[in-house]
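Undergrad: Provided below are the primary sequence and the corresponding predicted coordinates.
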Amino acid sequence: MPDEGILSSQPERILLPRFDTIGDIVLLEGFLEALLQRFPEAKVTLLVRRVYADLASLFPENLDWLTTEIDPHKQSPDLSLCEKLLEDLGGATWDLVLITTHNRTWADDLVAAAMTGSTSLAIGQWTKMPSAYRKVFGELGLSADCPHQRLVPVSERSHEIEKYHILWHALTGESALPEPKLYVNEHQKLVAEKLLHFTGLKIKNYCLCFPAGTQKVAIKTWPPDRFAEMIAWLEKKHDLPSLVAGHRSEASRVEEVVRLAQERGARPKTWLGRDGEIPILAALVEVAKFYLGNDTGPMHIATAVNTPVAAIFGGGTWPRFIPRGDDSVAIVGEMPCFGCGWDCMFEDAPCMRLVSVEDTKRAVNSLDVSHEVGKAKNHIMPASMKLSDETKWYIERASENRGRIEADRRERLEANCELERELKQSEADRAARLAEIERLGKQLAESEAAWLAEMERVGKQLAESEGDRAARLAEVERLGKQLAESEADRAARLAEMERVGKQLAESEADRAARLAEMERLGKQLSESEADRAARLEVIHRLEAQLSVLESRVRELEAVRNHIMVRLLIKLRLIREPKI
């Protein structure tokens with residue numbers, strides 16, 4: 001488990017910002033692989049500049065990549081730039097932020113400061129931010145104090161991978177880390193084979209020469225004529241052709257080396273890569289017999305794919321980036337001013353020219369390029385050219401003096417920047433105050449004119465008011481009279497209302513009596529209706545009986561008449577009618 005105080009629990013999300021170039025990212029691969037193995041459930045994210053995003057295909061698949069266009073080595077922070085970088089983080093949060101570069105940039109500190117809920121671990125020491133940086137952090141609402149919970153001390157001049165070992169031990173309590181390793185896939189290998197077939201080169205039978213690769217530091221390069229001489233020597237001595245490679249932006253450098261080599265009778269091939277073709281370069285390096293070139297990112301790619309390396313070094317960052325492969329040689333001509341960070345007091349890095357062609361031939365021979373590679377075993381080869389003790393003494397004194405001058409210059413520059421910032425603020429404040437004074441002056445002038453106009457208007461109103469006052473007094477008197485009359489009229493209306501009220505009360509009593517009478521008559525009417533219905537029923541019944549009686553009477557009269565006729569016939573009073 002990690003040491004107590006660094007991590008209280010297993011991290012779920014880990015972020016590693018890395019804003020530098022190819023070689024620095026490649027050297028970090030072993031640390032990243034160990035991190036992925038130690039925390040297999042965690043999401044490990046590497047933040048890089050977008051131009052190096054294609055390295056992802058060479059790294060472990062379970063590593064997450066996040067990119068940004070921000071280059072803090074070339075861009076000074078301002079509010080919009082910092083906001084853009086924070087926007088590129090996508091609003092995500094991390095449990096653990098690891099700052100693995102010794103020479104931290106403002107972007108590293110910004111990311112750590114923005115991750116307020118994270119644990120941040122960084123290597124190196126904390127130095128106070130320049131005032132310009134503090135101002136921008138303040139505008140973002142971030143503290144300009146050290147944002148890292150723990151700083152792991154390391155030696156600046158130690159190798160980068162040794163720094164990672166120390167950081168790993170602080171993080172996990174362990175020391176062992178795997179060496180950087182890149183993984184070239186089958187598609188990338190196939191592309192490299194097709195390129196080689198097109199150029200007529202064979203796998204493991206050519207030198208990949210990289211005479212450029214120094215965009216970040218232009219002076220960190222061996223002279224073109226010496227590369228050309230080495231290419232010609234390899235063809236003549238070892239029957240080994242060369243593929244001179246570089247980025248398209250470095251075409252002029254590559255073409256110069258090729259031209260000089262052709263003048264010496266060699267026939268080198270060329271390959272110029274585009275942005276996004278780092279994996280193809282890795283595939284070409286992997287199938288080369290060895291790498292010959294400057295201290296560059298492709299040199300570290302070569303060691304990470306187990307290709308032998310012969311590299312020419314200067315003293316700017318010595319020995320932080322010497323190749324790590326088992327079969328590698330770093331040729332270097334030491335000077336007392338080593339460690340200048342490529343801020344060369346001679347401006348053209350004479351340390352690079354201390355390495356002669358013969359030194360480089362010896363280094364290549366130590367790789368046994370005519371037979372099997374495997375003799376060098378990762379060593380440093382000093383250049384044969386030596387400086388006299390007197391020269392060294394003068395350079396050392398000059399270097400120390402320049403260091404003091406540079407420190408004083410940086411201090412004065414910082415003070416000047418602070419004074420300039422304060423002056424700009426003062427000028428801006430003065431301009432704002434002048435503008436405010438001018439605005440207030442205009443307002444005062446406008447206010448004076450408005451006040452005079454208002455006074456004139458009020459005077460006119462006052463004069464009109466005096467004339468109107470007499471009219472209002474007469475109106476008040478008239479209204480008083482009306483009010484007195486109104487009061488008398490009010491008393492009369494009240495008396496009339498009282499009389500009407502009494503009448504209303506009497507009317508209400510009469511209304512109640514009429515309602516009672518109507519209710520009584522209604523009951524009588526209901527009873528009368530019922531009696532009428534009964535009488536109608538009796539009348540109908542009697543009419544029916546009368547009808548029956550009348551019918552019987554008619555029958556009796558008919559019988560009586562018949563009997564009378566028969567009697568009269570019998571009495572012979574009348575004759576019987578003939579039928």
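TA: Okay, I see it.

Undergrad: Please make it C-alpha for all contacts and neighbour counts, starting now.
TA: OK.

Undergrad: Buried residues, stretch 266-281. List them.
TA: In terms of neighbour count (16 or more other Cα atoms under 10 Å), stretch 266-281 has its buried residues at 266-271, 273, 278-281.

Undergrad: What pLDDT is listed against the residue nearest the centre of the chain?
TA: Most central in the chain under Cα atoms, centre = their mean is Glu87, positioned 2.6 Å from the mean C-alpha point. Glu87 is assigned a pLDDT of 94 by the prediction.

Undergrad: Secondary structure element holding it?
TA: helix 79-88 (DSSP states H and E).

Undergrad: Downstream of that helix, the next helix or strand is which one?
TA: strand 96-99.

Undergrad: can you pull the alpha-carbon coordinates of the very next helix or strand once past that following strand into PDB?
TA: Counting by DSSP H and E, the element after strand 96-99 in chain order, helix or strand, is helix 106-114. Once non-C-alpha atoms are left out, helix 106-114 reads as follows in PDB (Å, rounded to 0.1, in the frame of the first residue of the first chain):
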ATOM      1  CA  TRP A 106       2.700  27.400 -15.100                       C
ATOM      2  CA  ALA A 107       0.300  24.900 -16.800                       C
ATOM      3  CA  ASP A 108       1.400  22.100 -14.400                       C
ATOM      4  CA  ASP A 109       0.700  24.400 -11.400                       C
ATOM      5  CA  LEU A 110      -2.600  25.600 -12.900                       C
ATOM      6  CA  VAL A 111      -3.900  22.100 -13.300                       C
ATOM      7  CA  ALA A 112      -2.900  21.100  -9.700                       C
ATOM      8  CA  ALA A 113      -4.400  24.400  -8.300                       C
ATOM      9  CA  ALA A 114      -7.700  23.800 -10.200                       C
END
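
Undergrad: which stretches of the stretch 1-150 of the chain form helices?
TA: 22-27, 29-38, 79-88, 106-114, 131-139 (DSSP state H, counting those that start in this stretch).

Undergrad: Kindly apply the preceding question to the stretch 201-350 of the chain instead.
TA: Under DSSP H, counting those that start in this stretch, the stretch 201-350 of the chain gives helices at 224-238, 251-263, 278-286, 297-304, 350-353.

Undergrad: which residues touch the third one?
TA: The contact list for helix 278-286 (Cα atoms under 8 Å, 6 or more residues apart in numbering) reads 54-55, 57-58, 184, 188-189, 191-192, 208, 273, 291, 298, 301-302, 305-307.

Undergrad: same thing but at 6 Å, please
TA: 188-189, 192, 302, 305, 307 (Cα atoms under 6 Å, 6 or more residues apart in numbering).

Undergrad: and those residues as TSV, adding distance to Val136, pLDDT and neighbour count?
TA: Output for these, formatted as TSV (distance: Cα to Cα, whole Å; pLDDT from 0 to 100; neighbours: other Cα atoms under 10 Å):
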residue	distance to Val136	pLDDT	neighbour count
Gln188	44	95	19
Lys189	47	95	19
Ala192	47	95	22
Ala302	41	96	30
Val305	42	96	20
Thr307	45	95	23
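
Undergrad: Let me know the closest of those to Ile219.
TA: Ile219 lies nearest to Ala302 out of these, by Cα to Cα, at 22.0 Å.

Undergrad: now that closest one: how far from Val476?
TA: Separation of Ala302 from Val476 (Cα to Cα, to the nearest Å): 111 Å.

Undergrad: now do Val191
TA: Counting by Cα to Cα - Val191 and Val476 are separated by 110 Å.

Undergrad: With neighbour numbers in mind, choose between the two.
TA: In this comparison of Val191 against Val476, neighbours counted by other Cα atoms under 10 Å, the higher total goes to Val191 at 15 against 12.

Undergrad: And the more buried one, how close does it get to Asp327?
TA: 26 Å.

Undergrad: Equivalent analysis for Thr68, please.
TA: From Thr68 to Asp327 the distance is 35 Å (Cα to Cα).

Undergrad: Out of the helices of the stretch 201-350 of the chain, which gets nearest to Val244?
TA: Closest among these, once you apply Cα to Cα, is helix 251-263, at 6.7 Å.

Undergrad: quick revisit: who's in contact with the helix holding Glu87?
TA: By Cα under 6 Å, 6+ apart, the list of residues contacting helix 79-88 reads Val136.

Undergrad: Just the C-alpha atoms of it, please, in CSV.
TA: Extracted as CSV, the C-alpha positions of helix 79-88 are listed here (Å, rounded to 0.1, in the frame of the first residue of the first chain):
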residue,chain,number,x,y,z
LEU,A,79,-6.8,34.7,-18.5
SER,A,80,-8.2,33.4,-21.8
LEU,A,81,-5.3,30.9,-22.2
CYS,A,82,-5.7,29.5,-18.7
GLU,A,83,-9.5,29.3,-19.2
LYS,A,84,-8.9,27.3,-22.4
LEU,A,85,-6.6,24.8,-20.7
LEU,A,86,-9.2,24.3,-17.9
GLU,A,87,-11.8,23.9,-20.5
ASP,A,88,-9.7,21.2,-22.2
